[in-house]
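Engineer: Sequence first, then the predicted structure, then my questions.
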Amino acid sequence: MIKPTLRGLLAAALFALPLTTPAAAAPAEVLPLADAVAALPAGVESRDGYTRVAFRHWVDADRDSCNTRMEVLIAESLVEPTVEAGCRVTAGEWWSYYDEVAVIEPGGLDIDHMVPLAESWDSGASAWTPERREAYANDLTAERSLVAVTARTNRSKSDQDPAEWLPPAAGAHCTYAVDWVATKLRWQLTVDDTERIALEELAADCDGQTVEYEPAP
């Protein structure tokens, strides 16, 4: 199974086109999954004032005429994708790890924010500047932040956290837990008690898994 964590390798091998212009970054942190869950900051979630337009997304973050959705589709395609004028991806081959389904039509894919926009708002993004929310919504630097998955699984997930929703493929649960925790730690997003308990239970079943993340600028 090809996991989203292979995004950078696939992109380099197939296209030699980096997702982003290299920039100074904080050193990567590597923790066992259980320790990473323990390191998540605690908080009380609040949806007050949330609106999706508070997160400007699918912008041309790299200033290369490709919006964020197209960047992820290009990077995660397992074969060289067909890219037409205006950086419109029209064909390729993708693996949706949430439900372990192969997809050949880009229209069948959504780009999932690993930690949904509404959940990030609840967990601390409500206090961010608009610029930081835009950076979060278009985070191409971290492989775990955005992932191409079948539209049906993304819409089933909606804005739920792991206490409320997990991928339908049981074999994806550990990868999903690692991706979720890495994203929350990268952006210092909080977890409430119910979410932490769910993550602790996942970590207990994912022995040997580690979380690697770089703190967001």
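Structural biologist: Arrived safely, thanks for sending. Numbering: from 1, shown residues only.
Engineer: By mean pLDDT, flag the weakest helix or strand of this protein.
Structural biologist: helix 7-14 (a mean of 40; mean pLDDT, DSSP states H and E).
Engineer: Quick one: name whatever helix or strand follows it.
Structural biologist: Reading on from helix 7-14 to the C-terminus, the next helix or strand found by DSSP states H and E is strand 29-32.
Engineer: Direction included, what does that following strand pair against?
Structural biologist: Strand 29-32 has its sheet partners listed here by DSSP bridges as strand 210-213 (antiparallel).
Engineer: C-alpha coordinates for the strand it pairs with, CSV please?
Structural biologist: What follows is strand 210-213, C-alpha atoms only, in CSV (Å, rounded to 0.1, in the frame of the first residue of the first chain):
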residue,chain,number,x,y,z
THR,A,210,6.4,7.0,15.7
VAL,A,211,5.4,10.6,15.0
GLU,A,212,7.7,12.9,13.1
TYR,A,213,6.8,16.6,12.6
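Engineer: ok now it, how far from the chain's centre?
Structural biologist: Centroid displacement of strand 210-213 relative to its chain, using Cα atoms, centre = their mean, to the nearest Å, is 13 Å.
Engineer: Would you mind pulling the contact partners of that strand?
Structural biologist: Residues outside strand 210-213 that contact it (Cβ atoms under 8 Å, 6 or more residues apart in numbering) are 28-33, 36, 142, 144, 178, 181-183, 185-186. The way it works is simple: take the backbone N, C-alpha and C, and place the C-beta from them, glycine included.
Engineer: Tell me the one of these nearest C206?
Structural biologist: In terms of Cβ to Cβ, no member of the contacts of strand 210-213 lies closer to C206 than L33, at 5.5 Å.
Engineer: How many residues are close by that closest one?
Structural biologist: L33: 24 surrounding residues under other Cβ atoms under 10 Å.
Engineer: Do I have it right that it meets A204?
Structural biologist: No - using Cβ atoms under 8 Å, L33 is not in contact with A204, being 9.3 Å away.
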